[in-house]
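Visitor: here are the coordinates; sequence isn't available:
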């Protein structure tokens, strides 16, 4: 079965690349000539769902009922692997902006599309660059858009939950937005972070959108600690 699935991936690989290129071009053109809020979200949402469907990966999503319509949040998912992007983009169910690594800007077509869509490239090369990144994130949140940031900063090497950084929680506390812990499972099994491993493994993907953490009366550190504890406990209880 694994061998056949690898062969299948080789067959559909050109289609996946074509879809990615088309999505990036449509996003760039749409954000340039038309309504950026629509074109920065919907093409990528359809692309993410198509990628999971073509790769025959079953997806479960729970907890959308925990979110209030028209309310902005800071979403803090754990970062298991590359397929986290498809889960969040395709199945979160509301527009948002990413906080993503600056290196992603270099990806052909995709980097330009992310820039035109208004996503935030995190630059920690120095105090001035970090300050500019945080100001861009403030501008996004003040505009009424939700933000998605992986508080671990990078994908896990082992599948285990890593320490949370303060950045997104500082923003939530400063601007006054609730933090929504998001638990992703299965993404590490689908594509482990292993050198030289390129094939996808068939595995069920699941995303649980947990109840928002009210920001009132909490510091950034308390929001960070509470978010980490909630995600860690959920993973332990459902391992």
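Guide: Nice, thanks for sending it over. Worth saying up front: this structure is predicted, and the values here are computed from it rather than measured. Residues are numbered from 1 along each chain as shown.
Visitor: CA only for contacts and neighbour counts going forward, please
Guide: Will do.
Visitor: any weak-confidence spans in this structure?
Guide: 1, 194-197 (pLDDT under 70).
Visitor: now the strands for it?
Guide: In the chain, strands defined by DSSP state E lie at 59-62, 74-77, 96-101, 120-122, 146-149, 179-185, 205-209, listed in chain order.
Visitor: mean neighbour count, the ones you listed: which tops it?
Guide: Mean neighbours per residue, mean count of other Cα atoms under 10 Å, is largest over the strands of the chain for strand 74-77, with a mean of 26.
Visitor: give the other helices and strands that that strand contacts.
Guide: Counting contacts by 3 or more Cα pairs under 8 Å, 6 or more residues apart in numbering; DSSP states H and E, strand 74-77 packs against strand 146-149, helix 167-175, strand 179-185.
Visitor: tell me which of the ones you listed lies nearest to residue 113.
Guide: strand 146-149 (17.1 Å; Cα to Cα).
Visitor: neighbouring strands of that closest one in the sheet, and parallel or not?
Guide: strand 74-77 (parallel), strand 96-101 (parallel) (DSSP bridges).
Visitor: distance to residue 202 for the helices and strands packed on strand 74-77 - can I get that in TSV?
Guide: Output for the helices and strands packed on strand 74-77, formatted as TSV (distance: least, Cα to Cα, whole Å):
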stretch	distance to residue 202
strand 146-149	26
helix 167-175	32
strand 179-185	13
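Visitor: of all the ones you listed, which lies closest to residue 128?
Guide: The nearest among those, by Cα to Cα, is helix 167-175 at 15.0 Å.
Visitor: got the angle for the closest one vs strand 96-101?
Guide: Per axes from the mean of the first three to the mean of the last three Cα atoms, to 10 degrees, the angle that helix 167-175 makes with strand 96-101 is 130 degrees.
Visitor: helices or strands up against helix 167-175?
Guide: By 3+ Cα pairs under 8 Å, 6+ apart, helix 167-175 packs against strand 74-77, helix 127-142, helix 220-237.
Visitor: what do you get if the cut-off is 6 Å, keeping everything else the same?
Guide: Contacts defined by 3 or more Cα pairs under 6 Å, 6 or more residues apart in numbering; DSSP states H and E place helix 167-175 against helix 220-237.
Visitor: how about TSV for the strands paired with strand 146-149, with distance to residue 232 added?
Guide: Below are these laid out as TSV (distance: least, Cα to Cα, whole Å):
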stretch	distance to residue 232
strand 74-77	11
strand 96-101	22
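Visitor: for those, which one sits closest to residue 212?
Guide: strand 74-77 (8.8 Å).
Visitor: pick out the residue nearest the middle of this protein.
Guide: Nearest to the geometric centre of the chain sits residue 85, at 4.5 Å (Cα atoms, centre = their mean).
Visitor: and it, what does it touch?
Guide: For residue 85, the contact set (Cα atoms under 6 Å, 6 or more residues apart in numbering) is empty.
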